[in-house]
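> Provided below are the primary sequence and the corresponding predicted coordinates.
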Amino acid sequence: MSLQAQIDGSNLWFAQSQLHSHNHSLQPKSLVVTDMDGKLTLASNELLNGLNQLFQTSIKQKSRVSKGSVWLSLTNNSEVIQFIDPQELKALGEDGFIIKYIDEKKSVLITGNNQKAVLYGVFHYLRLLQTVAIDKDSLNITEIPKYKVRILNHWDNLDGSVERGYAGRSIWKWDELPTKVSPRYKKYARANASIGINGTVLNNVNANPHILTTEYLKKVMVIASELRPYGIQVYLSVNFASPAVLGGLDDANPKKEEVKDWWKNKVKEIYELIPDFGGFLVKANSEGQPGPMDYGCTHADGANMLADALKPYGGIVMWRAFVYNPKGWDRAKQAYEEFLPLDEQFRDNVMIQVKNGPVDFQPREPLSPMFGAMKETQVMPELQITQEYLGFSDHLVYLGTLYQEFLQSDTYAKGKGSTVAKVTDGSIYNHPVSGIAGVANIGEDNNWCGHHFAQANWYVFGRLAWNPDADVKTIAEEWVRQTLTQKDKVVSSIVEVMMNSREATVNYMTPLGLHHLMGWDHHYGPEPWCVVEGARPDWLPTYYHKADSIGIGFDRSSTGSNAVKQYFEPLRSEFDNIATCPEEYLLWFHHVPWNHKMENGQTLWNQLCLKYQEGVDEVKKSQEVWSKMKTYIDEQQFKEVQEKIAIQLKEAIWWKDACILYFQTFSKQPFPEGVEEPVHKLEELKKLKFDLKHHN
Ligand code: GCU
């Protein structure tokens with residue numbers, strides 16, 4: 001039975017609470033919790049409530065395991081040890097769990113080395129009951145997360161606004177804390193725990209130094225205590241200039257003893273309030289943020305100073321490689337050039353946090369060459385969950401396919417098969433920590449993420465952070481079954497829409513390797529013509545597409561900026577050669593003549609126009625599929641998604657028209673057959689002023 005609260009999306013993926021149709025016969029006869037000291041109270045409550053809701057009954061709690069029990073226990077219990085090899089238990093580490101059908105007891109055991117792991121096991125078991133057909137043979141599961149730190153990055157400001165946030169104001173109510181505690185904090189923690197996320201950075205990378213004042217740390221302490229029972233550790237973004245701004249020091253030079261001492265004292269204060277504090281996230285010397293280079297020092301000097309202060313408490317530094325300085329070179333090369341020479345210099349509690357692509361969260365980018373290249377330093381991927389460049393929370397774009405494409409990209413760092421996942425999750429380079437970050441899409445909106453389907457992006461991020469090799473189609477299906485409906489045919493149609501949605505967006509925004517064609521400030525609609533007086537050239541679309549009478553695209557080959565040189569072979573040669581460069585990256589790496597022959601025999605110009613059309617057509621298709629969902633989906637949810645798809649279609653056409661009309665002024669060629677006549681006029685589109693307020 002669906003719940004009332006599902007209607008507005010506020011219940012996230014806990015909305016449906018319906019069993020998968022094959023699992024009705026699996027009703028447990030009793031719940032047994034072996035728990036001497038109350039550590040498993042939260043996990044057992046989740047399990048009991050979950051089972052009662054799913055089976056529409058009231059399951060008895062008993063003290064002895066008997067036929068048909070679900071049995072919850074930590075691994076240190078003497079009975080558990082009878083059934084599972086101690087080596088296997090040890091291998092579970094901190095977060096891993098086992099779900100196993102124990103034949104001798106005719107019962108299902110859920111166990112892990114600590115309470116957090118058992119909670120993960122409970123959520124997994126409930127998920128299985130809802131999403132796949134299970135039986136006693138399939139219940140022989142060992143799950144160990146690949147990444148140690150699975151973390152959300154909130155770009156939330158202390159004034160309640162959210163940078164690049166499209167779901168309302170921040171969920172952190174700084175002005176009410178520490179006295180008033182929003183009930184959302186616990187719900188947030190529970191949702192994250194259910195998908196394996198174990199950390200969160202509360203504030204924007206463009207960090208306000210005031211987060212480190214005692215006043216704010218006391219607020220952070222309250223949030224931390226709300227999240228702690230669910231195994232979520234709190235981290236903070238810090239402003240590198242804090243010792244000067246807050247501490248009154250002359251500067252923040254990381255080589256100065258008084259600066260080091262300031263950080264040591266600050267860290268001590270934090271850990272006195274929050275003993276399990278996770279550490280710092282730092283954006284330094286990028287987009288105007290202060291950093292060690294202000295004092296002639298390096299990123300390593302800055303990161304290590306903070307790492308040394310955190311080390312005694314087990315804290316870590318996530319130092320971002322998103323460096324973006326006003327230099328005349330190819331922006332895509334910058335992180336590698338600044339960071340590679342520093343490999344070997346970072347402390348072992350520092351991770352370098354790198355965005356998936358070399359520029360900035362575009363609908364499609366090749367992998368950043370940083371992955372696999374830094375061997376002595378742990379690198380952690382940063383993915384964006386909020387749709388800064390993918391239609392905000394107006395467009396239905398399932399990002400699972402983007403994440404998968406990236407995580408499975410081969411870096412060739414240690415030969416074939418050195419995927420991004422493997423070079424970052426500890427499979428290839430083994431460092432003491434590993435991690436993956438997702439820039440959150442969460443806000444105060446009732447449905448948390450602005451668009452009902454944007455919840456799936458939060459969900460898939462968590463599931464991939466647990467296992468980057470998991471299949472994103474399966475994850476989409478899991479989400480649909482838990483959130484929208486259990487009707488098999490309907491599930492598969494919706495999953496298909498989700499699976500095609502990202503490619504559609506690439507096609508109607510930036511096909512064939514184009515990037516950064518949006519308005520330079522709002523990052524929403526198309527403005528490939530955008531010129532802003534006094535702006536840096538690398539803010540502007542013209543810098544990226546370089547369209548002229550000969551062709552289009554950024555020459556990053558060996559005859560151009562030579563960004564290809566930063567990749568391992570055979571990628572380097574593959575990208576370098578226009579004949580072997582994958583077409584989805586063609587205009588990322590090459591300036592290509594309009595009449596260049598594409599694989600399917602079309603000219604580049606024709607193919608470009610056809611790709612834009614393909615994107616529009618795909619959105620039309622999803623609109624059609626969704627219109628048939630009316631009888632299966634809750635009315636409000638149905639309507640809200642329908643309205644959003646209508647906006648998406650209108651804007652897909654806007655993107656297509658703007659780009660093909662503008663690029664036609666260079667190609668001087670007609671639109672090929674199959675491409676719909678633009679409904680807009682270029683001059684009108686150029687005058688259109690985007691209203692950001694409307695979208696927040
Ligand atoms: C992008 C984004 C900024 C953000 C920056 C970052 O440039 O538009 O809002 O601050 O990335 O990741 O630091």
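All right, it came through fine. Numbers count the residues shown, from 1 in each chain.
> ok now stretch 643-663, how far from the chain's centre?
26 Å (CA atoms, centre = their mean, to the nearest Å).
> which outside residues touch that stretch?
For stretch 643-663, contacts defined as CB atoms under 8 Å, 6 or more residues apart in numbering pick out 391, 394-396, 451, 504, 508-509, 517, 525-529, 545, 547, 552, 605, 608-609, 612-613, 615-616, 619-620, 622-623, 626, 671, 675, 678-682, 685. (C-beta placed from N, C-alpha, C; glycine too.)
> Kindly recompute the last result at 7 Å.
Contacts to stretch 643-663, defined as CB atoms under 7 Å, 6 or more residues apart in numbering, come from residues 391, 394-396, 451, 508-509, 517, 525-526, 528-529, 547, 552, 608-609, 612-613, 615-616, 619-620, 622-623, 626, 671, 678-680, 682, 685.
> Only alpha carbons, please: show it as PDB.
The C-alpha coordinates for stretch 643-663 follow below in PDB (Å, rounded to 0.1, in the frame of the first residue of the first chain):
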ATOM      1  CA  GLU A 643       4.900  19.800 -15.900                       C
ATOM      2  CA  LYS A 644       8.700  19.500 -15.700                       C
ATOM      3  CA  ILE A 645       8.900  17.400 -18.800                       C
ATOM      4  CA  ALA A 646       7.000  20.000 -20.700                       C
ATOM      5  CA  ILE A 647       9.500  22.600 -19.600                       C
ATOM      6  CA  GLN A 648      12.300  20.300 -20.500                       C
ATOM      7  CA  LEU A 649      11.000  19.800 -24.000                       C
ATOM      8  CA  LYS A 650      10.500  23.500 -24.600                       C
ATOM      9  CA  GLU A 651      14.000  24.100 -23.400                       C
ATOM     10  CA  ALA A 652      15.500  21.200 -25.500                       C
ATOM     11  CA  ILE A 653      14.100  23.000 -28.500                       C
ATOM     12  CA  TRP A 654      15.400  26.300 -27.300                       C
ATOM     13  CA  TRP A 655      18.900  24.700 -27.000                       C
ATOM     14  CA  LYS A 656      18.700  23.100 -30.400                       C
ATOM     15  CA  ASP A 657      17.500  26.200 -32.200                       C
ATOM     16  CA  ALA A 658      20.000  28.500 -30.500                       C
ATOM     17  CA  CYS A 659      23.000  26.200 -31.300                       C
ATOM     18  CA  ILE A 660      22.200  25.200 -34.800                       C
ATOM     19  CA  LEU A 661      21.100  28.800 -35.800                       C
ATOM     20  CA  TYR A 662      24.200  30.300 -34.300                       C
ATOM     21  CA  PHE A 663      26.600  27.700 -35.700                       C
END
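> Now, the contacts of stretch 643-663 that are in helices?
Counting by DSSP state H, the contacts of stretch 643-663 place 508-509, 608-609, 612-613, 615-616, 619-620, 622-623, 626, 682, 685 in helices.
> By neighbour count, which of these wins?
residue 508 (30 neighbours; other CB atoms under 10 Å).
> Tell me which residues touch the residue lying closest to that residue once chain neighbours are set aside, please.
Distances taken as CB to CB, 6 or more residues apart in numbering put residue 615 closest to residue 508, at 2.9 Å, once the chain neighbours are dropped. Shown in contact with residue 615 (CB under 7 Å, 6+ apart): 504, 505, 507, 508, 652, 656.
> What sits closest to the first one if chain neighbours are left out?
Beyond its immediate neighbours in the sequence, the residue positioned closest to residue 504 (CB to CB, 6+ apart) is residue 618, lying 3.5 Å away.
> what does the stretch 51-200 of the chain put close to the ligand?
Within the stretch 51-200 of the chain, the positions lying close to the ligand (CB under 6 Å from any ligand atom) are 163, 164.
> Now do the helices in the stretch 51-200 of the chain.
78-83, 86-91, 115-131, 184-194 (DSSP state H, counting those that start in this stretch).
> before we move on, the earlier item: let me know the pLDDT of the residue nearest to residue 508.
pLDDT recorded at residue 615 is 98.
> what do you get for residue 520?
At residue 520, pLDDT is 87.
> Quick check: closest non-adjacent residue to it.
Nearest to residue 520 is residue 539, by CB to CB, 6+ apart, at 4.7 Å.
> What residue in the stretch 351-500 of the chain comes nearest to the ligand?
The minimum distance from the stretch 351-500 of the chain to the ligand, using CB to the nearest ligand atom, falls at residue 360 (5.2 Å).
> what's the spacing between stretch 652-664 and its chain's center?
Using CA atoms, centre = their mean, the offset of stretch 652-664 from its chain centre is 29 Å.
> Next, residue 664: phi, psi?
phi -60, psi -30 (degrees, to the nearest 10).
> and residue 374, what does it touch?
Residue 374 touches 339, 340, 343, 352, counting by CB under 7 Å, 6+ apart.
> what separates the third one from the ligand, distance-wise?
When CB to the nearest ligand atom, to the nearest Å is the yardstick, residue 343 and the ligand sit 22 Å from each other.
> from memory that residue sits against residue 378, does it?
No: checked against CB atoms under 7 Å, the pair residue 343 and residue 378 is beyond contact range at 10.7 Å.
> quick one: which of these two has more around it?
More crowded of residue 343 and residue 378, by other CB under 10 Å: residue 378, with 26 against 15.
> Show the pLDDT at the more buried one.
97.
> In helices, which of the contacts of residue 374 appear?
residue 339.
> So which bits of stretch 401-411 are buried?
401, 402, 403, 404, 405, 406, 407, 409, 410, 411 (16 or more other CB atoms under 10 Å).
> Just put the residues you listed in CSV and tack on distance to the ligand.
Output for these, formatted as CSV (distance: CB to the nearest ligand atom, whole Å):
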residue, distance to the ligand
401, 22
402, 17
403, 17
404, 22
405, 20
406, 16
407, 19
409, 20
410, 25
411, 22
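> What is the most widely separated pair among those residues?
Maximum pairwise distance among the buried residues of stretch 401-411 (CB to CB): 19.4 Å, between 401 and 411.
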